[in-house]
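[1] Take a look and give me a structure for this.
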Amino acid sequence: MKSKTPGREFAFKFLFQLFIKENSELKNAFLDGAMGAADLEESILEFRESYTAHDEEHPDNQIDDGNWFFANKLIQGVAKHMTENEEIIRKETKRENLDNLEKIERCVLLIGTEELKHFDTPYQVVINELVELAKKYGNAQSGRFVNGVLDGIRAK
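    Numbers count the residues shown, from 1 in each chain. Next up, the predicted model:
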């Protein structure tokens, strides 16, 4: 069985760039579920082009067709279930608003929640993969935080 780690990482980086981009209109459309399917697909394809373009800063950013399909499905699912997934995360983190959550952790939790709720991946794999992603890109506590939240979501 082939690893889906590159697909999860691509999906994470796509979401993260939405949160840090100056284009708040695009971010808000995505977060509000108001982005049309064609616009979302175009944004994902544009991101893939820049993601896989060889440069000195990101020489290993490649994604094969299988992981591309998986990442695309994850991103589309996050967009489709944004309201539901954010509500699940809000309840588990006991936060009224997710805007004060670290952007890295929020993106990782959105992907993890989507995969736990709408994919057939074993929960142990999902949690382990997303904890590793949080450790790689987040701060010292990100991995533990993500682990606790996703495990709580899984248990419910």
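[2] Please make it C-alpha for all contacts and neighbour counts, starting now.
    OK.
[3] roughly how far apart are residue 9 and residue 82?
    For residue 9, the distance to residue 82 equals 19 Å [Cα to Cα, to the nearest Å].
[4] and residue 52, how many neighbours does it have?
    Per other Cα atoms under 10 Å, the neighbour tally for residue 52 reads 14.
[5] Provide a list of residues in contact with it.
    61-63 (Cα atoms under 8 Å, 6 or more residues apart in numbering).
[6] Which helix or strand lies directly C-terminal to the helix or strand bottoming out on mean pLDDT in the chain?
    In the chain, no helix or strand scores lower on mean pLDDT, DSSP states H and E than helix 24-31, which sits at a mean of 73. Next in sequence after helix 24-31, counting helices and strands by DSSP states H and E, comes helix 37-52.
[7] buried set for the very next helix or strand once past that next one?
    Reading on from helix 37-52 to the C-terminus, the next helix or strand found by DSSP H and E is helix 65-80. For helix 65-80, the buried set under the neighbour-count rule, 16 or more other Cα atoms under 10 Å, comprises 67-68, 70-80.
[8] Tell me what angle helix 65-80 forms with helix 37-52.
    Counting by axes from the mean of the first three to the mean of the last three Cα atoms, to 10 degrees, helix 65-80 points 130 degrees away from the direction of helix 37-52.
[9] on contacts alone, who are the packing partners of helix 65-80?
    In terms of contacts (3 or more Cα pairs under 8 Å, 6 or more residues apart in numbering; DSSP states H and E), helix 65-80 is packed against helix 5-20, helix 103-118.
[10] Which residues are in contact with residue 144?
    The contact partners of residue 144, taken as Cα under 8 Å, 6+ apart, are residue 131.
[11] quick one: the helix or strand where it lies to helix 103-118, angle?
    Assigned by DSSP H and E, residue 144 belongs to helix 142-155. Calculated by the same axes, to 10 degrees, helix 142-155 forms an angle of 20 degrees with helix 103-118.
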